[in-house]
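A.B. asks: next one to model:
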Amino acid sequence: MARITLDGAHFEVDPSLTIIEAARSRGIDIPHFCYHPKLSVSGNCRMCLVEVEKTPKLVIACATQVADGMVVHTNNERVCSAREAVMEFLLINHPLDCPICDEAGECKLQEYAYRHSTGTSRFDEDKVHKPKRVELGPRVMLDVERCIMCSRCIRFTEGIVGKHQLTFTQRCDHVTLTTFPGESLDNPYSMNVIDLCPVGALTSRDFRFRSRTWEMSATASVCPGCARGCSIDIWVRDNEILRLTPRHNESVNSYWMCDRGRLTSFTHVNARNRIACPLVRKDGAQVPASWGEAIRNSARRLREFKPSQIAVLGSAYATNEDNYLLQKFARAVLSTDNLNFLSHVVVGDEDSFLIRADKTPNSHGARAVGVQRSAGGSRTVEIAAGIRSGTIKALYALEDDIAAAPEFVGVLPMLKLLIVHGTNTSATTELAHIVFPASTFAEKHGTFTNFDGHVQRIRPAVATKEEDRQLGGFTLSRWDKFSSPFDKWAQGAKRDARPSWRILADLAAAMGTKWKFETVDDVFAEMASKVDFFHGLTFQRVGSLGVTGGVTSPASAAAASAARS
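C.D. replies: Modelled structure (predicted):
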C-alpha cells in the first residue's frame, strides 16, 4: 500500500490507483469532465488539476498515479484559481442555452459554474457559432455549440462498443464532434453517450424537450427487456414514464444499458390499450365487472373441472413473488401438475456485452420458485396438445400473450375456460373468459432474478388504484426527490390494476384456502423460507443493487416444488 496525504488527511491506498481514484475511494470529490471510471484516460479537460508537493506544476489527477509519501492538495488557493481559469475557458464559447437545454438540472458544467467559477466573464467578443440539431444517428441528436470536447462519447464507442463511429475534426475553437464519413451513430448502445455527456451536447431524440429533470421522479428498478435485468431509474411525470436511464451496478450492467431496453421496455405501461378493469365473458362478449364478481366467477368455474383437466402457465415477465404464489395456487388449491411457462428466446439476438437472447427478465426466477413441470406434469407443447385433444379444458395464464406462441396458435378457442392476468389487451385477453388487469413492472413491488442468478428489487414508479388503496404498500424511494407520493396517488387513480400475487391470494380465499399475505414482503418471506435459491434473503438484504441467490438446479427445484405441494 502507498501512504499518501490528501488535503491534510493520511491514507493508505492501492499504489496502482491514480490520484482521482484514490480520492474517490476516500470520499473526496475532485471535479472532472473527461474522466470516467470505465473509460480510457484522455486528460483533456484539465478540470481535475491538483497540486502535488515537490512538483513544480499542477498535475491532472485522472492521469497521475499515486506514490508512497505523496502529498496532494485538491482545494488550496492555487488549485481553486486554476479551476476558475479552466471554467472561464470552457464557458467562453459555450452558448447561454440553460433555459432551453435538456441537460439543465443534471449538467456538470452548470453545477461547476456555480461551485468553481468566478461568476463573471471577461469575454466581450462574439462567441463561435457551430452547427445545432445535428442528427448523429437514429436516436441521438448533437448540438455542437454546447460540446466541451471531453471525448467521452468517442472513447465509449471505441473502447466499450468497439465501433469507430465518432471523431473530432478541425482544430482550436473550431473543433467539431462528428461521425466518420459514411458512418452513423447507430450501434445498439448509442444512447449511453447521452448519459456520458457532461453537458447538453448529446440529447435523446425520443426524450428531447419533453420534461425538466426536476419535474420528474426517479425510481430505482430493473429493465424487463431481457434476461440481463439492467439496473435502471424510471423517470415519471404526471404518472407517465418519460425515460429510462441506467443505474450503476457492477454486478449486472455497470453504467450501461442497450437502446432497445431504454426505448421499448416501458411503452406498454403508457399504452392506451391497458386493461382498465376486470372483464367477464357473458353471452359471448366481454363486459366490465367488479373485482369481487370476477374472483367469485373464477372460483365457481374452476371448481367445475377435475385437477387433471386444468393447466396453469406462469410467466417469465412476472415477478418471483407472482410466480411463487401461482405455483402454490396450482398445486395446493387446484391440485394440478400441469404447470409450466413459455420461453421467449430469440436465437442469435444477443452479444457478448449486455444483450441476451432470452427476452424476459425472470425466466431464471420462474424456474427457481417451481413454475415448471414436476413428475407427471406437462411441457407447454403437451399442454397445447392436451387442449387440442380435449383432455385439458381449463387454462389459467399469468401475464403473457400465449396466443402468439406457435404451440398455442388456434387452440385457445377450444378451451371451456380461459382465465388471464394481463396488463394490456392482446390476442390472449381477447379470447379469455375472465381477465384480471395486472400491474406492470413499474407499478408494483417485487423481485426479478436475472440469467446470472442475481436477485433485484422492482418498485412502483407509476401509481394505480391498488397502490392508492394500499397506501402502506407504496413507498417513496430514496431517488424520488422531486415529487411527493401524494402527487403520484392523485394521478394514479386511473388504472384499476393489481399485482398478480394479490389476485391469486384473493382467488385462493374465494376457493376456501386462506393465506396470510398482507404485503409482498410476506410473500417474499415465505418464498425465502421454502425455496432454497432464496434462502436467507430479505428485501433489506436485496437492497438497491441486488444480491446473487443460491445455485438451484432444475432437478432440485422440482424436488422442492414437490415437497411444498
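A.B. asks: what segments of the stretch 101-250 of the chain are strands?
C.D. replies: 134-135, 140-142, 166-169, 176-179, 202-204, 217-222, 231-237, 240-246 (DSSP state E, counting those that start in this stretch).
A.B. asks: give the buried residues for the next helix or strand after the last one.
C.D. replies: Heading C-terminal from strand 240-246, the first helix or strand you meet, by DSSP states H and E, is helix 259-264. With burial defined by 16 or more other C-beta atoms under 10 Å, the residues of helix 259-264 counted as buried are 259-263. C-beta: built from backbone N, CA, C; applies to glycine.
A.B. asks: thinking again about what came up before, so which of the strands of the stretch 101-250 of the chain is nearest Ser335?
C.D. replies: Ser335 sits nearest to strand 217-222 of all the strands of the stretch 101-250 of the chain, at 33.5 Å, using C-beta to C-beta.
A.B. asks: partners of the closest one, with directions?
C.D. replies: strand 231-237 (antiparallel) (DSSP bridges).
A.B. asks: and the strands in the stretch 301-450 of the chain, which stretches?
C.D. replies: Using DSSP E, counting those that start in this stretch, strands in the stretch 301-450 of the chain cover 310-314, 339-341, 394-398, 417-422, 434-437, 446-449.
A.B. asks: start and end of stretch 272-288, how far apart?
C.D. replies: End-to-end distance for stretch 272-288: 17 Å, by C-alpha to C-alpha, to the nearest Å.
A.B. asks: before we move on, back to that, reformat the strands of the stretch 101-250 of the chain as CSV; add distance to Arg78.
C.D. replies: Shown next, in CSV, are those (distance: least, C-beta to C-beta, whole Å):
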stretch, distance to Arg78
strand 134-135, 39
strand 140-142, 36
strand 166-169, 30
strand 176-179, 32
strand 202-204, 33
strand 217-222, 38
strand 231-237, 38
strand 240-246, 37
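A.B. asks: just put these in a markdown table and tack on mean pLDDT and distance to Val347.
C.D. replies: Shown next, in a markdown table, are those (pLDDT from 0 to 100; distance: least, C-beta to C-beta, whole Å):
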| stretch | mean pLDDT | distance to Val347 |
| --- | --- | --- |
| strand 134-135 | 95 | 33 |
| strand 140-142 | 97 | 29 |
| strand 166-169 | 95 | 32 |
| strand 176-179 | 95 | 32 |
| strand 202-204 | 96 | 30 |
| strand 217-222 | 96 | 24 |
| strand 231-237 | 97 | 26 |
| strand 240-246 | 96 | 26 |
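A.B. asks: what's the closest of those strands to Val371?
C.D. replies: strand 217-222 (18.7 Å).
A.B. asks: if we can go back for a sec, which of the strands of the stretch 101-250 of the chain sits closest to Gln110?
C.D. replies: With distances scored as C-beta to C-beta, the stretch of the strands of the stretch 101-250 of the chain nearest to Gln110 is strand 202-204 (14.8 Å).
A.B. asks: identify the residues contacting the closest one?
C.D. replies: 102-103, 136, 139-143, 153, 191, 193-194, 196, 243 (C-beta atoms under 8 Å, 6 or more residues apart in numbering).
A.B. asks: show me how far it is from its chain's centre.
C.D. replies: Here the centre of strand 202-204 is set off from its chain's centre by 19 Å, with C-alpha atoms, centre = their mean, to the nearest Å.
A.B. asks: ok, that strand: who's next to it in the sheet?
C.D. replies: As defined by DSSP bridges, the strand partners of strand 202-204 come to strand 140-142 (antiparallel).
A.B. asks: any residues touching the strand it pairs with, and which ones?
C.D. replies: Contacts for strand 140-142 (C-beta under 8 Å, 6+ apart): 131, 133-136, 177, 185, 190-191, 193-194, 201-205, 208.
A.B. asks: do stretch 540-549 as well
C.D. replies: With C-beta under 8 Å, 6+ apart, stretch 540-549 has contacts from 220, 231, 249, 251-252, 368, 447, 449, 452-457, 478, 533-534, 537.
A.B. asks: of those, buried ones?
C.D. replies: Buried members of those, counted by 16+ other C-beta under 10 Å: 220, 231, 249, 252, 368, 447, 449, 453-457, 533-534, 537.
A.B. asks: all helices for the stretch 401-550 of the chain, in order.
C.D. replies: Assigned by DSSP state H, counting those that start in this stretch, the stretch 401-550 of the chain shows helices spanning 427-431, 465-469, 485-491, 500-510, 520-530, 539-542.
A.B. asks: ok, which of these comes nearest Glu382?
C.D. replies: Set against Glu382 and scored by C-beta to C-beta, those come closest in helix 427-431, at 19.0 Å.
A.B. asks: buried ones in the closest one?
C.D. replies: In helix 427-431, counting by 16+ other C-beta under 10 Å, buried: 428-429, 431.
A.B. asks: for stretch 384-402, same thing?
C.D. replies: Neighbour counts using 16+ other C-beta under 10 Å place 384, 386-387, 392-402 of stretch 384-402 among the buried residues.
A.B. asks: adding pLDDT, write those out as a markdown table.
C.D. replies: As requested, the buried residues of stretch 384-402 are exported to a markdown table (pLDDT from 0 to 100):
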| residue | pLDDT |
| --- | --- |
| Ala384 | 94 |
| Gly386 | 94 |
| Ile387 | 95 |
| Ile392 | 95 |
| Lys393 | 96 |
| Ala394 | 97 |
| Leu395 | 97 |
| Tyr396 | 97 |
| Ala397 | 97 |
| Leu398 | 96 |
| Glu399 | 96 |
| Asp400 | 96 |
| Asp401 | 96 |
| Ile402 | 96 |
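A.B. asks: where does pLDDT dip in the stretch 351-500 of the chain?
C.D. replies: Scanning the stretch 351-500 of the chain with the threshold set as pLDDT under 70 gives 373-378, 466-494.
A.B. asks: again, 50 this time
C.D. replies: 471-493 (pLDDT under 50).
A.B. asks: returning to what we had before: now the buried residues of helix 259-264 in JSON lines, with pLDDT and distance to His32?
C.D. replies: Below are these laid out as JSON lines (pLDDT from 0 to 100; distance: C-beta to C-beta, whole Å):
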{"residue": "Asp259", "pLDDT": "97", "distance to His32": "26"}
{"residue": "Arg260", "pLDDT": "97", "distance to His32": "31"}
{"residue": "Gly261", "pLDDT": "97", "distance to His32": "28"}
{"residue": "Arg262", "pLDDT": "96", "distance to His32": "25"}
{"residue": "Leu263", "pLDDT": "97", "distance to His32": "29"}
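A.B. asks: from those, pick the one nearest Gly27.
C.D. replies: So of the buried residues of helix 259-264, ranked by how close each gets to Gly27 (C-beta to C-beta), first place is Arg262, at 30.8 Å.
A.B. asks: which residues touch Phe290?
C.D. replies: One correction, residue 290 is Ser, not Phe. Counting by C-beta under 8 Å, 6+ apart, Ser290 touches Pro278.
A.B. asks: same check on the one 3 residues further on?
C.D. replies: With contacts defined as C-beta under 8 Å, 6+ apart, the neighbours of Glu293 are 278, 280.
A.B. asks: now it: which helix or strand?
C.D. replies: helix 291-302.
A.B. asks: any idea of the angle that helix forms with strand 310-314?
C.D. replies: 130 degrees (axes from the mean of the first three to the mean of the last three C-alpha atoms, to 10 degrees).
A.B. asks: so helix 291-302 versus strand 394-398, what angle?
C.D. replies: Using the same axes, to 10 degrees, the inter-axis angle of helix 291-302 relative to strand 394-398 is 140 degrees.
A.B. asks: still on that earlier bit, columns distance to Arg379 on top of the helices of the stretch 401-550 of the chain, output as JSON lines?
C.D. replies: Below are these laid out as JSON lines (distance: least, C-beta to C-beta, whole Å):
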{"stretch": "helix 427-431", "distance to Arg379": "19"}
{"stretch": "helix 465-469", "distance to Arg379": "34"}
{"stretch": "helix 485-491", "distance to Arg379": "42"}
{"stretch": "helix 500-510", "distance to Arg379": "22"}
{"stretch": "helix 520-530", "distance to Arg379": "24"}
{"stretch": "helix 539-542", "distance to Arg379": "31"}
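A.B. asks: among the ones you listed, which is the most enclosed?
C.D. replies: Among the helices of the stretch 401-550 of the chain, judged by mean count of other C-beta atoms under 10 Å, the one packed with the most neighbours on average is helix 500-510 (a mean of 23).
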